[in-house]
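Visitor: sequence-free structure coming up:
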């Protein structure tokens, strides 16, 4: 545990100079903006990328791509992120730029971890650490150690996680890098939190905040949320509420929907522990849309279980069963024993509340068998497997070799110091933010659990979700180009949906969304595919259809939707939609370009007075 993984790599600048290799920020302005205003940093980085491309400045393009990725990670815009990571890796490889290749590989590692693909995350984490050693850049080595520690944490390998993160902290301390010390003390606190050591968690959260010189609202919202969660586990609800309310206030100030959703979830948990079911439900209900939009299957699962508990407590058993069914579908996606165990426990509680003792006994028996099975896991075998998976032994041998090489170099320098002039210094203090560690702030629950993967179905309306329908569009567009086939693309926005929500409530708004989805599926049937791409917006794909056939389908859909035969929707609701339509014939342009065109057409339909179609 006391072995230092950080290296002091000295090199001669000329005949008489040497310096510790700890790299500076690539762009100080963007570095600070990434932490304080990620939306603005994203805008500036994209402008830099465009400008660098026009003049052929590869170095600037790499820097711009780096800050684009950092900003998107902080904003949880994971759907947009992957192409930029791939561009960065490709450009770094083409120019043989090891440092940027290492940075982008780190981004890819963290994105794989978010998706629950731990095999890929482990493989790229090991590779990134090896490349960091080759760069002899202490900053990069420490960053990759911290990332590997985060993956160990996700796998609940706490000893290895502590070892990696503490070694990274040693490097940041040596180089007086306060920003990274703040971030990594936060990660250290999360490890202790996951080990149920809440006193140490609070200690290191406080240490993290002490090193945070900028105190941006984003960071402070996360800090207050994390401290609040620790106090809940200490059953100090007064302190927990104090920190949660501060986090909520700051999240609303920055319009940070993700952190606000986590804070609301935490407050709902706190109220349930206090027996305040009404307040718990009020806090919990807004989080579902946020977690669904961000494709966070694990937090959706946690939220459904908590909602089921609220329904059971209030003896609304039909609603509780409906909610548990939604949670069960997610257990098939998040295929881990602990997730299944939590579901079985809550379903047992559901049966007990209704005095259905036979059913409760069967589930309790299944839960106990699963617990026994988990307790039999051989810890030593697990650690051994992880060492192989992460190539840990190779890393240690590589590090030992580099350390020995470094010692010999230092001895040589000391012997020649009568004729050489040394410069051992630290190159600047940076405001660099490690995006993957920062997101560990925002994904407290996610880090504690195992395996995360994405569903292809929108949980409310049961049509395809945004990610899947866009993937289908991409495939269809490529097929159209390769085989010179036509297809139709329709983007739909439900008219006056906000007015419906405001006038009749969100429950009726949800019923309208469900009714539209069911009506569309009935009209489209096997002639096309529909997906919900966000809020009240939809995308429909019509392979091998003429424009007249598409118009006919849309006219039928508009008429059936307008008539609203659902008994759950008040007759006063005026239902209509606006759409943009394009018929593609193997165009060479990208599917993104096609999507933008149909999106513009849809908005033109709304500006023209709504309840109409605009054709591209």
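Guide: Right, received. Where do you want to start? The shown structure was predicted, so the numbers you read here are calculated from the model rather than taken from an experiment.

Visitor: do you know how far the residue lying closest to residue 146 once chain neighbours are set aside is from residue 22?
Guide: In this structure, residue 146 finds its nearest non-sequential neighbour in residue 168, 4.2 Å apart by C-beta to C-beta, 6 or more residues apart in numbering. Any C-beta I mention is one placed from the backbone N, CA and C, and that applies to glycine too. As judged by C-beta to C-beta, to the nearest Å, residue 168 and residue 22 stand 13 Å apart.

Visitor: Pick out whichever of the two has more residues nearby.
Guide: Ranked by neighbour count (other C-beta atoms under 10 Å), residue 168 and residue 22 place residue 168 first, with 29 against 25.

Visitor: what helix or strand is the more buried one on?
Guide: Following DSSP states H and E, one finds residue 168 within helix 158-174.

Visitor: Which elements pack onto the helix or strand just after that helix?
Guide: Next helix or strand after helix 158-174 toward the C-terminus (DSSP H and E): helix 178-194. The contact analysis (3 or more C-beta pairs under 8 Å, 6 or more residues apart in numbering; DSSP states H and E) places helix 178-194 against helix 138-154, helix 158-174, helix 198-211, helix 217-233, helix 435-442, helix 444-448.

Visitor: Tell me which of the ones you listed is the most buried.
Guide: helix 138-154 (a mean of 27; mean count of other C-beta atoms under 10 Å).

Visitor: what's the angle from it to helix 158-174?
Guide: Between helix 138-154 and helix 158-174, the angle comes out at 160 degrees (axes from the mean of the first three to the mean of the last three C-alpha atoms, to 10 degrees).

Visitor: Show me how far helix 138-154 is from its chain's centre.
Guide: 18 Å (C-alpha atoms, centre = their mean, to the nearest Å).

Visitor: helices and strands around it, which ones?
Guide: Using 3+ C-beta pairs under 8 Å, 6+ apart: helix 138-154 touches helix 98-115, helix 118-135, helix 158-174, helix 178-194, helix 435-442, helix 444-448.

Visitor: could you redo the last one with a cut-off of 10 Å?
Guide: On a contact count with 3 or more C-beta pairs under 10 Å, 6 or more residues apart in numbering; DSSP states H and E, helix 138-154 meets helix 98-115, helix 118-135, helix 158-174, helix 178-194, helix 379-389, helix 392-415, helix 435-442, helix 444-448.

Visitor: for the stretch 451-600 of the chain, which spans come out with low pLDDT?
Guide: 451-455, 565 (pLDDT under 70).

Visitor: in the stretch 401-550 of the chain, which spans are helices?
Guide: 435-442, 444-448, 466-483, 497-504, 506-524, 547-563 (DSSP state H, counting those that start in this stretch).

Visitor: same question for the second one, mean pLDDT?
Guide: Model confidence over helix 444-448, given as mean pLDDT, is 43.

Visitor: still on that earlier bit, which one of the helices and strands packed on helix 178-194 lies nearest to residue 362?
Guide: With C-beta to C-beta, the closest approach to residue 362 among the helices and strands packed on helix 178-194 belongs to helix 444-448: 28.5 Å.

Visitor: With respect to residue 319, which of the helices of the stretch 401-550 of the chain lies nearest?
Guide: Judging those by C-beta to C-beta, what sits closest to residue 319 is helix 506-524, at 11.7 Å.

Visitor: before we move on, back to that, just say which of the helices of the stretch 401-550 of the chain is most tucked in.
Guide: It is helix 435-442: most buried of those by mean count of other C-beta under 10 Å, with a mean of 24.

Visitor: Please enumerate the helices of the stretch 201-350 of the chain.
Guide: Applying DSSP H, counting those that start in this stretch to the stretch 201-350 of the chain gives helices spanning 217-233, 237-254, 257-273, 277-284, 287-293, 297-313, 317-333, 337-353.

Visitor: of the ones you listed, which approaches residue 142 most closely?
Guide: Using C-beta to C-beta, those put helix 217-233 closest to residue 142, at 19.7 Å.

Visitor: hmm, back to that, dump the helices of the stretch 201-350 of the chain to TSV, plus distance to residue 540 and mean pLDDT.
Guide: Below are the helices of the stretch 201-350 of the chain laid out as TSV (distance: least, C-beta to C-beta, whole Å; pLDDT from 0 to 100):
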stretch	distance to residue 540	mean pLDDT
helix 217-233	37	84
helix 237-254	35	88
helix 257-273	27	88
helix 277-284	32	93
helix 287-293	20	88
helix 297-313	25	91
helix 317-333	24	90
helix 337-353	34	86
